[in-house]
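Asks: Just a sequence and a predicted model for now, questions to come.
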Amino acid sequence: MDFRPVDTLKTISTRNLIRSYALTNLFLVLVYTSIEPYFNGANVSWIHQLHLILQPLAIFASIADSSIFTGVTLIFSFSAIVFDGVVLWLNFIAVSRCIAEPSATCFEMVFEKFIWGMLAFVHIFSDTMLSLRLISLRSYLVKKDVNEKIAMQNYDGEVPILKTVDVNCAKLRILHVFLLPIGFLYAFFMLGRTFSNLLWIGALIHVFVDLYGISVSRVHDTWSLGILMGLQLIIGSINLFTVVYRIPEPRDTISEDLSFYISIFYVFADCLLLYFIIATFRILQGYEKLKKN
């Protein structure tokens, strides 16, 4: 039965802001990965790479419709503020000591620590804004939970309105469209390696699955969704195995790092796609049983 209220303009705006801050943090991680080889001193800014786990969760929370999952993501977001704050504090201490006791190598170290400190500061700002938006989103979703429960208790009609199916299909379509340019970028970096190692083919085939998903998202059909579900399970399994396989491999170039991060992003994206596909599939199955009865 479909009693879930649709998002208001405030909820939609909050979801978009969460995605913006999550993408900002992912971009900052790429900045760290790109410039880190050019610095000689030791640093603890590698901690920022924890955002590779957190930010996909935040993107998931911004698209999913669960107040519980949003609350869990909020806890992780608060943890990220603490970790990034530790990085900023350690860099501040290093700069302060160097200024108090200047030496020949101080100038280079101050420059490096200042860069890492600024990177941590931007991370903290983005983390804070992300956490505030997650708090807002959770409050909106809790209200939707209450309204849904009231609507279920007061429902007397025969056939539910399939609002959630329309919303889920729209989210599927947006996700597949969003993944298309990422797939082309991945193909640009990894097409040559595909011929030497078939593991890379999973992400390349994802482009065609995304094209199929865009077309299926406009058709409320259990068979089409079932095929898409099977394809996503296969591609998702291949991408997960590829990520695990690549973890111990050395990555010497920016393109290799970027392709590895894209592979990780694909794993989270596949989980998110499967979440909406399965949810929509179950609603349509229930609707078909209701029509038969």
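Replies: Done, it's in. Computed from a predicted model, the values in this text were never measured in an experiment. Numbering: from 1, shown residues only.

Asks: Any stretches of this structure with poor pLDDT?
Replies: 1-4, 103-105, 108, 151-162, 189-203, 247-256, 290-293 (pLDDT under 70).

Asks: So the most centrally placed residue in it versus residue 21, what's the distance?
Replies: Nearest to the mean C-alpha position of the chain, by C-alpha atoms, centre = their mean, lies residue 56 at 2.2 Å. Residue 56 sits 13 Å away from residue 21, going by C-beta to C-beta, to the nearest Å. C-beta here means a position set from N, CA and C on the backbone, and glycine is covered the same way.

Asks: With residue 147 instead?
Replies: Counting by C-beta to C-beta, the gap between residue 147 and residue 21 amounts to 27 Å.

Asks: In terms of neighbours, single out the busier of those two.
Replies: residue 21 (23 against 13; other C-beta atoms under 10 Å).

Asks: Enumerate every residue touching the spatially closest residue to the more buried one that is not a sequence neighbour.
Replies: Nearest residue to residue 21 in three dimensions, chain neighbours excluded: residue 130, at 4.0 Å (C-beta to C-beta, 6 or more residues apart in numbering). Residue 130 is in contact with 18, 21, 22, 25, 58, 77, counting by C-beta atoms under 8 Å, 6 or more residues apart in numbering.

Asks: got the phi/psi numbers for residue 8?
Replies: Main-chain torsions, residue 8, degrees, to the nearest 10: phi -80, psi 170.

Asks: Skipping its backbone neighbours, what lies nearest residue 64 in space?
Replies: Distances taken as C-beta to C-beta, 6+ apart put residue 275 closest to residue 64, at 6.6 Å, once the chain neighbours are dropped.

Asks: again, but for residue 11
Replies: Counting by C-beta to C-beta, 6+ apart, the residue nearest residue 11 is residue 140, at 4.6 Å.

Asks: Could you check how far that neighbour is from residue 62?
Replies: 12 Å.

Asks: what does residue 260 give?
Replies: Residue 260 is 24 Å from residue 62, by C-beta to C-beta.

Asks: mind giving me the domain split of the chain?
Replies: Listed by automatic domain parsing, the domain ranges of the chain are 1-157, 158-293.

Asks: which SSE is residue 5 in?
Replies: Assessed by DSSP states H and E, residue 5 sits outside every helix and strand.

Asks: And for the one 10 residues further on?
Replies: Following DSSP H and E, the helix or strand that holds residue 15 is helix 9-35.

Asks: Next secondary structure after that helix?
Replies: For helix 9-35, the following helix or strand on the C-terminal side (DSSP H and E) is helix 51-63.

Asks: So which elements touch that next one?
Replies: Here helix 51-63 touches helix 9-35, helix 67-100, helix 106-154, helix 254-292, going by 3 or more C-beta pairs under 8 Å, 6 or more residues apart in numbering; DSSP states H and E.

Asks: how does it look with 6 Å?
Replies: Contacts defined by 3 or more C-beta pairs under 6 Å, 6 or more residues apart in numbering; DSSP states H and E place helix 51-63 against helix 9-35, helix 67-100, helix 254-292.

Asks: Residue 231 is nearest to which of these?
Replies: The minimum distance between residue 231 and those falls on helix 254-292, with 9.8 Å, by C-beta to C-beta.

Asks: tilt between that closest one and helix 51-63?
Replies: Going by axes from the mean of the first three to the mean of the last three C-alpha atoms, to 10 degrees, helix 254-292 is angled at 30 degrees with respect to helix 51-63.

Asks: Packing partners of helix 254-292?
Replies: When contacts are defined as 3+ C-beta pairs under 6 Å, 6+ apart, helix 254-292 packs onto helix 51-63, helix 163-194, helix 222-246.

Asks: Buried residues, the longest one. List them.
Replies: If you call a residue buried by 16 or more other C-beta atoms under 10 Å, then helix 163-194 has these buried ones: 164-165, 167-169, 171-173, 175-176, 179, 182-183, 186-187, 189-190.

Asks: same check, this time on the first one
Replies: If you call a residue buried by 16+ other C-beta under 10 Å, then helix 51-63 has these buried ones: 51, 52, 54, 55, 56, 57, 58, 59, 60, 61, 62, 63.

Asks: Helix 9-35 and that one, what's the angle between them?
Replies: Using the same axes, to 10 degrees: helix 51-63 against helix 9-35 is 160 degrees.

Asks: Can you give the contact residues for helix 51-63?
Replies: 15, 18-19, 22, 25-26, 29, 69-70, 73, 76, 80, 171, 264, 268, 272 (C-beta atoms under 6 Å, 6 or more residues apart in numbering).

Asks: Alright, that wraps it up for me.
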